[in-house]
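J.: here are the coordinates; sequence isn't available:
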Ligand SMILES: C[S@@+](CC[C@H](N)C(=O)[O-])C[C@H]1O[C@@H](n2cnc3c(N)ncnc32)[C@H](O)[C@@H]1O
């Protein structure tokens with residue numbers, strides 16, 4: 001019970017009753033639905049689409065016009081098929097000299113660029129351990145039936161993995177390329193990474209989480225966004241007796257920022 005102060009009236013049961021109208025939100029102040037037009041403009045976190053359709057959306061949301069961008073695993077340039085490269089300053093290279101517009105082999109772990117010189121790095125190395133096998137004949141897609149696939153995803157040669165094997169070789173490449181990307185990126189730069197998880201040696205390897213742990217934990221990056229790309233055609237199946245894991249038909253575009261302070265989270269002062 002509250003003590004009454006002389007001269008002041010003791011609160012009555014009635015004055016304790018709140019005026020609930022004062023808590024009510026005004027109609028029209030909160031937009032709960034989007035117009036069709038706005039809905040069309042909205043960039044979503046998952047698409048059943050090609051990389052060439054999703055990559056422009058990643059750029060629209062996360063990259064300013066005029067940004068200086070290094071695509072360090074350019075491949076066949078599929079990502080850029082539906083992008084007006086004139087809106088940016090784009091530099092492209094690949095380990096395979098035939099895929100490198102400059103005609104030289106450039107390893108994404110050792111880029112010929114100055115420190116702090118790019119706004120964005122795009123990284124899409126081979127995501128499957130099969131592309132790193134020691135014996136060239138054993139490379140994924142080496143049986144001829146998937147050779148186009150191999151041609152697209154790897155440089156068709158055994159990649160020098162500095163001794164690491166299988167899934168570890170995949171991770172090492174993502175991690176070492178991440179370190180190099182951080183070197184060439186400006187301090188508020190953005191790293192866009194394409195990655196697909198894999199089952200390697202019958203073990204589920206959630207590569208997008210493994211590399212995120214490294215980029216966040218070791219390179220102080222902030223995982224700003226994640227896009228899921230679901231393929232429309234069926235994934236290839238070879239030599240499977242009994243299915244143990246769900247066959248992957250999705251991959252990710254991850255967006256990391258070097259300025260690791262999240263801009264969409266309020267932090268208490270330390
Ligand atoms: C998945 S493909 C990239 C596809 C590309 N994003 C596109 O849009 O066409 C992977 C590419 O990484 C290249 N590559 C493999 N190891 C590399 C390395 N250490 N440095 C640079 N490129 C590498 C391969 O030659 C291949 O072209």
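T.: Yep, that arrived. Just so it is clear, the model here is predicted, and its values are computed rather than measured.
J.: So which residues on this structure come close to the ligand?
T.: Proximity of the chain to the ligand, by C-beta under 6 Å from any ligand atom, involves residues 72-73, 75-79, 94-96, 99, 107-109, 124-126, 153-155, 159, 173. In short, each C-beta sits where N, CA and C put it, glycine included.
J.: So for the chain, the centremost residue is which one?
T.: The centre of the chain sits closest to residue 254, judged by C-alpha atoms, centre = their mean, with a distance of 0.8 Å.
J.: and after the longest strand belonging to the chain, which helix or strand comes next?
T.: In the chain, with assignment by DSSP state E, the single longest strand is strand 185-195. Later in the chain than strand 185-195, the nearest helix or strand by DSSP states H and E is strand 198-200.
J.: Report the mean confidence score over that next one.
T.: Computed over strand 198-200, the mean pLDDT rounds to 92.
J.: Doesn't residue 242 belong to a strand?
T.: No - checked against DSSP: H, G, I helix; E, B strand; the rest coil, residue 242 lies outside a strand; its state is coil.
J.: and it, how many residues sit next to it?
T.: Neighbouring residues of residue 242 were enumerated by other C-beta atoms under 10 Å; the total is 4.
J.: Report the contact partners of it.
T.: By C-beta atoms under 8 Å, 6 or more residues apart in numbering, residue 242 lies in contact with nothing.
J.: Where does this protein get nearest to the ligand, residue-wise?
T.: residue 75 (2.7 Å; C-beta to the nearest ligand atom).
J.: Can you list phi and psi of the nearest residue to that residue once chain neighbours are set aside for me?
T.: Leaving aside its sequence neighbours, residue 75 sits nearest to residue 99 (C-beta to C-beta, 6 or more residues apart in numbering; 5.5 Å). When read as degrees, to the nearest 10, the backbone of residue 99 gives phi -100, psi -10.
J.: Among the residues of the chain next to the ligand, the buried ones, what's the ChimeraX command?
T.: Listed next is the ChimeraX selection for buried residues among these, using 16 or more other C-beta atoms under 10 Å:
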select :72,73,75,77,79,94,95,96,99,107,108,109,124,125,126,153,154,155,159,173
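J.: about what we covered before: buried ones in the longest strand of the chain?
T.: Of all the residues in strand 185-195, those buried under the rule 16+ other C-beta under 10 Å are 185-186, 189-195.
J.: That one pairs with which strands, and in what direction?
T.: Using DSSP bridges, strand 185-195 pairs in its sheet with strand 118-123 (parallel), strand 250-257 (antiparallel).
J.: Now the ones you listed in JSON lines, please, with extra columns for mean pLDDT.
T.: Shown next, in JSON lines, are the strands paired with strand 185-195 (pLDDT from 0 to 100):
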{"stretch": "strand 118-123", "mean pLDDT": "98"}
{"stretch": "strand 250-257", "mean pLDDT": "98"}
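J.: could you show me where the strands are in this structure, in order?
T.: 46-48, 68-71, 89-92, 118-123, 185-195, 198-200, 203-205, 222-230, 250-257.
J.: residues in contact with residue 104?
T.: Going by C-beta under 8 Å, 6+ apart, residue 104 touches 93, 97.
J.: Quote the end-to-end distance of stretch 37-53.
T.: Stretch 37-53 has an end-to-end distance of 19 Å (criterion: C-alpha to C-alpha, to the nearest Å).
J.: quick one: pLDDT of the closest residue to residue 178 other than its chain neighbours?
T.: In this structure, residue 178 finds its nearest non-sequential neighbour in residue 215, 5.4 Å apart by C-beta to C-beta, 6+ apart. pLDDT recorded at residue 215 is 97.
J.: Please apply the same query to the one 3 residues further on.
T.: Among the per-residue scores, residue 218 holds a pLDDT of 95.
J.: Next, it: phi, psi?
T.: phi -100, psi -30.
J.: contacting residues for it?
T.: By C-beta under 8 Å, 6+ apart, residue 218 lies in contact with residue 175.
J.: Quick one: neighbours of the closest residue in space to residue 196 that isn't next to it in sequence, just the number.
T.: Counting by C-beta to C-beta, 6+ apart, residue 196 lies nearest to residue 251, which is 3.8 Å off, once chain neighbours are set aside. Residue 251: 20 surrounding residues under other C-beta under 10 Å.
J.: Nothing else from me, thank you.
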